[in-house]
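>>> Kindly generate the corresponding structure for this input.
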Amino acid sequence: MAENLIPSLLVIEDSDEDFEALRRMLRKSDMVNPIYRCIDGDDALDFLYHTGEYVDSEIPLPSLILLDLNLPGTDGRELLKEIKQDEELKTIPVVVFTTSSNPKDIEFCYRYGVNGYILKPIEINKLTRTIQVLIDYWFEAIIFPNLARR
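Below is the predicted model of the structure:
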């Protein structure tokens, strides 16, 4: 049954420092969900399509994608467009987690179906609170599409 399955998180983040800070905060909040990381858009596409180094992977599609916009290679904007235009991937919720407060980026992301846009707070207390809100909402209150159909 769906309630026995644990939702997973795919973090697409090129900064080791940002990813480690995020991972520490997720673990501190007692989150036990699987967390996967891709370092750029091309790596994420391989992960999602089970190509490249993930060709033999049995990892199911993630329940939620946390996406940085400013990535090397295929950037977050291109990746978001690809995900939301793909029949298999478009129901995966995507939350942008970025330093970009550019109104054009925000509008672009919502136009392409992002489920949330969060500015990375610089101050540690605000970052901790933001991560906790993200966890509470997405991993406590939400039923994910990939778990509902099982």
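>>> give me the number of residues near the residue nearest to residue 41 when sequence neighbours are not counted?
With CB to CB, 6 or more residues apart in numbering as the criterion, residue 41 has its nearest non-adjacent residue at 2.9 Å, and that residue is residue 74. The way it works is simple: take the backbone N, C-alpha and C, and place the C-beta from them, glycine included. Using other CB atoms under 10 Å, residue 74 is surrounded by 16 other residues.
>>> I'd guessed residue 74 sits against residue 39; true?
No - using CB atoms under 8 Å, residue 74 is not in contact with residue 39, being 11.4 Å away.
>>> Can you tell me the SS state at residue 11?
Per DSSP: H, G, I helix; E, B strand; the rest coil, the local secondary structure of residue 11 is strand.
>>> Could you point out which residue ranges in this protein have low pLDDT?
1-4, 149-150 (pLDDT under 70).
>>> And the strands in it?
Taking DSSP state E, the strands of the chain run over residues 9-12, 35-38, 64-67, 94-98, 116-119.
>>> what residues does the third one touch?
By CB atoms under 8 Å, 6 or more residues apart in numbering, the residues outside strand 64-67 that reach it are 7-13, 22, 44, 76, 79-80, 83, 92-98, 114, 134, 138-139, 144.
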